[in-house]
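>>> Quick one, structure for this:
(2 chains)
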Amino acid sequence: MSGLLMPKPDDATMRRRDEIVADMRIIVPGEGVVDAANAMRAFESDGLTAYRQLPLVVVLPETVAQVSRVLKYCNDRNIRVVPRGSGTSLSGGALPLKDAVLLVMSRFNRILEIDFPNRIAVAQPGVTNLGITTAVEQEGFYYAPDPSSQIACSIGGNVAENSGGVHCLKYGLTANNVLGIEMVLMNGEVVRLGGKHLDAEGYDLLGVMTGSEGLLGVVTEVTVRILKKPETARALLIGFPTSEQGGQCVADIIGAGIIPGGMEMMDRPAIHAAEDFVHAGYPLDVEALLIVELDGPGVEVDHLIGLVEAIAYRNGSTTCRTSQSEQERLSFWAGRKAAFPAVGRISPDYYCMDGTIPRKELPRVLHGMRELSEKYGLGVANVFHAGDGNLHPLILYDANVPGELDKAESFGADILRLCVKVGGVLTGEHGVGVEKRDLMPEMFNQIDLDQQMRVKCAFDPNHLLNPGKVFPQLRRCAELGRMHVHRGQTAFPEIPRF
Amino acid sequence: MTTFTPATADETLATVAWAAAEESPLEILGQGSKRGIGRPLQTEHTLDLTKLSGVTLYEPAELVLSAKAGTPLAEIEKLLAENGQQLAFEPLDYGPLLGGEKGKGTIGGVLAANLCGPRRLRAGAARDHILGIAAVSGRGEAFKSGGRVVKNVTGYDLSKLMANSWGTLAVLTDVTFKVLPAAETEVTLALRGLLDDHAAAAMALALGSSAEVSSAAHLPERVAARVAGGSLGSTAATLLRVEGFGPSVAYRIAALKDLLGNAGPLEEISGEISRSVWRDIRDCAPFADGLEKPVWRVSMAPAQGHQMVLALRMQAAVDAFYDWQGGLIWLRMEQDDPEADLLRGLVRQYGGGHATLVRAAPSHRAAVPVFEPQAPQLATLSARLKAEFDPKAILNPGRMA
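I've put the predicted structure just below:
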């Protein structure tokens, strides 16, 4: 682990560990409390495996009442809590703390209701993303957001991270597909936000909770919208001699009023790694490869394929293939979907970044990345959700070479700084977690961060829920609460006039 | 009694900072098109944002537009239309319903009231399209959130927090929205003569098909005559809008006709008539009658809406029509009493949702909770949030109470 500072463990809590474990066993009887080090090992990290830490104790509640009692117990005794879904976060959002209860929601694994007339499913938070689709697909429905970890990641975790996927350009992120949640606050109160109806009155706390990375509340139930599966889907595989041409093609497709179901780009190193791995039939003589998937009624898809082919041709594509069968469509995707493991074959380790940029800045950012690659002496392969500007540079390194992890992390931080510089953001879908926590000031000044922390103060004033994540430095709520101006001593004694 | 008219974000900051220091409440105003919604305000001063106006960034190929908060919505919609684009969430125009002018309102107001329209089921509301904001909190602190890209999970989504906050947390100075291509073609399929329950079933069938219906509304008998200049006639009309590329629209309309052929007589409506039908449904034109009779906007699960209305009709004289497949119910009470407790009780009984009193005489708006009262834990949490952002309660005090 490179120099990541986590909150200092609380000695009083550490000393009371046995008592806390015993009390947890009273609240969650049966097999729901894990305190042996070897058994807790399975929970010591999430998808960001560079960081590991055993928690104080692992608790796996089964009922909302248990979640509420655990949180209230911890709140009353000043004990920290880290919530966890399936542990697939790539940003360390579920990284345990030494003095914190790890609250694992995996036993909340039931679909509670499927309501086809209203096209809604209600699930417990531990249900996997794909599990929702599986539950409704016999009627031809599916749940649209499809993060690549969908077979494992939980819907509760999706809410915490506002997960995306390759189809979110057309179908939206988690935030656009969740209609309601039930959650438990750190003080044990159970709050319901939204439901089967749209746009509940009051502040949009549902919008704030989505993507809040487990710092505001623990989700215990999720209501999502389900969609009818598109009648058909076909894909085009388009190669370009330069990434500029590929980028322009993407802009022109959107400029023509076409919003594809998915639009992915890969650069040369990623294309070669993927082709070597899965033999998808990708062209190897191109600098940029675009996969454009069009879905909807067959007649619409055929119509749009004609338009996209013409746009590709105008932008100098050297290859353009259209899938003629479902099998061929899947083969186009096979390489893209295997890009991460494929890169894993050519490098002992890789570090996956997640910045988003305005699409037009792609050539500039790719150029900047090549320069950084030379500076750091580390390779980089790029896969890119081209439609929405979300980059996933994979930095190649070898953790067994002393200093390479640090170098990879510095390289990654420089890439993210570049993303912010061109008008983009630090993270498109993986979350801030611990990974990008210390880069937050690249995007936000202290006043901006203070407002975000004020939301935290309204939900969890003692900073007990998932501390050490998202914010570089959590300021005490009492300190944040002070008004810096007072009657009679203001910087604006006169009524402002202009 | 002063009206402040800042022309820059800095001047807005100076005004709010002064008001915070003086603990002097402000009414936050754009063009005032929605001023009649919510509890009537009595503030000493007014912060008028109409001079804080202008589109600051528009890149059609990037599907993004930024504007100062006081920019007229009409100006933005015109600019987008010139480029074949739109705000896909179709913000409704409350003007005519509230007895005001058509075509007023600012882009900041669109977010502050979380406006949307008949495309809500497929395209979302303002909250689903906002990408970033700059604002001044009630503490007199200027801050920003979000950015200009669609995929962004960097920090808390304070942009969404501004949606439906009615100017009570912060004063917006700049907003950035996602924009989308306007549909090339739109055709509306009308089923005629259905009663509410059959209409609900037909809409559920259509929305559950792969025909990608973008809007579904039901105008009961007589209400139908009050849209698009009466061109639909007065027979009940169940309306399904299909949008997209020409060949696709033709195919999907044909598929819907196959699916719903047994439901009753079918008509196809296209072009300007279709557009004006949906504009009038969006703006609640059937009840924009220049009167002060109470009008409610109720949001429920789509399949339950007509059941609630049927029960309500047993106890009160109401006129009703439905959007969002039946999940959005517009109600006009025929007596002066809004019947808030009766209505809200029935909404709870039929699966829950919320009822907003969007039009009523000021005396009723002062006496009845205009917005749906929240459960105690949620109300407390919301109050804590308000206190964090506006501890002296200087921004639109009481507006959402």
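
>>> what's around residue A:167, how many residues?
Neighbourhood size, residue A:167 [other CB atoms under 10 Å in any protein chain shown]: 22. Where C-beta positions appear, they are placed from N, C-alpha and C, glycine not excepted.

>>> just checking, it touches residue A:148?
No - between residue A:167 and residue A:148 there is no contact under CB atoms under 8 Å: 11.3 Å.

>>> Okay, and the closest residue to residue B:274 other than its chain neighbours sits in which element?
Spatially, and ignoring its direct neighbours in sequence, residue B:274 is nearest to residue B:188 (4.4 Å; CB to CB, 6 or more residues apart in numbering or on different chains). Using DSSP states H and E, residue B:188 maps to strand B:185-192.

>>> helices and strands around that strand, which ones?
strand B:237-244, helix B:246-260, strand B:266-270, helix B:271-282 (3 or more CB pairs under 8 Å, 6 or more residues apart in numbering or on different chains; DSSP states H and E).

>>> Make a markdown table from the ones you listed and add distance to residue B:361 to it.
As requested, those are exported to a markdown table (distance: least, CB to CB, whole Å):
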| stretch | distance to residue B:361 |
| --- | --- |
| strand B:237-244 | 31 |
| helix B:246-260 | 42 |
| strand B:266-270 | 36 |
| helix B:271-282 | 24 |
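
>>> got those as a markdown table, with distance to residue B:355, mean pLDDT and mean neighbour count columns?
Formatted as a markdown table, the helices and strands packed on strand B:185-192 follow (distance: least, CB to CB, whole Å; pLDDT from 0 to 100; neighbours: other CB atoms under 10 Å in any protein chain shown):
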| stretch | distance to residue B:355 | mean pLDDT | mean neighbour count |
| --- | --- | --- | --- |
| strand B:237-244 | 23 | 98 | 26 |
| helix B:246-260 | 30 | 96 | 18 |
| strand B:266-270 | 30 | 96 | 15 |
| helix B:271-282 | 19 | 97 | 19 |
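
>>> what about the helices in the stretch 101-250 of chain B?
B:107-112, B:120-123, B:126-129, B:158-162, B:196-207, B:246-260 (DSSP state H, counting those that start in this stretch).

>>> I'd like to know which of the ones you listed is closest to residue B:365.
Nearest to residue B:365 among the helices of the stretch 101-250 of chain B is helix B:107-112 (18.0 Å), distances taken as CB to CB.

>>> Centroid-nearest residue for chain B?
Central residue check for chain B by CA atoms, centre = their mean: the C-alpha nearest the mean position is that of residue B:115, 2.9 Å away.

>>> Show me which residues of the stretch 151-300 of chain B are close to chain A?
B:151-158, B:160-161, B:163-165, B:169, B:180-182, B:184, B:204, B:207-212, B:244-245, B:247-248, B:250-252, B:255, B:299-300 (CB under 8 Å from any CB of the partner chain).

>>> so where do the strands sit in the stretch 301-401 of chain B?
Taking DSSP state E, counting those that start in this stretch to define them, one finds strands in the stretch 301-401 of chain B at B:318-323, B:328-333, B:353-359.

>>> Among these, which comes closest to chain A?
strand B:353-359 (3.8 Å; CB to the nearest CB).

>>> Do me a favour and average the pLDDT over that closest one.
The average pLDDT for strand B:353-359 rounds to 97.

>>> Give me the sheet partners of it and which way each runs.
Strand B:353-359 pairs in its sheet with strand B:295-300 (antiparallel), by DSSP bridges.

>>> Would you mind getting the angle between the strand it pairs with and strand B:328-333?
150 degrees (axes from the mean of the first three to the mean of the last three CA atoms, to 10 degrees).

>>> Residue A:275: what secondary structure?
At residue A:275 the chain is in helix, as set by DSSP: H, G, I helix; E, B strand; the rest coil.

>>> Which segments of chain B make up each domain?
B:3-181, B:185-282, B:285-367 (automatic domain parsing).

>>> before we move on, what about chain A?
Domain assignment of chain A by automatic domain parsing yields the ranges A:111-228, A:232-340, A:347-431.

>>> Make a markdown table from those domains and add distance to residue B:78 and mean pLDDT to it.
Formatted as a markdown table, the domains of chain A follow (distance: least, CB to CB, whole Å; pLDDT from 0 to 100):
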| stretch | distance to residue B:78 | mean pLDDT |
| --- | --- | --- |
| domain A:111-228 | 26 | 96 |
| domain A:232-340 | 18 | 95 |
| domain A:347-431 | 24 | 94 |
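
>>> among those domains, which is the most enclosed?
Highest mean neighbour count among those (mean count of other CB atoms under 10 Å in any protein chain shown): domain A:111-228, with a mean of 23.

>>> Quick one: end-to-end length of it, please.
18 Å (CA to CA, to the nearest Å).

>>> and if you look at stretch B:130-146?
Stretch B:130-146 end-to-end distance (CA to CA) = 9 Å.

>>> thinking again about what came up before, quick one: closest of the helices of the stretch 101-250 of chain B to residue A:33.
Closest approach to residue A:33 among these (CB to CB): helix B:158-162, 36.3 Å.
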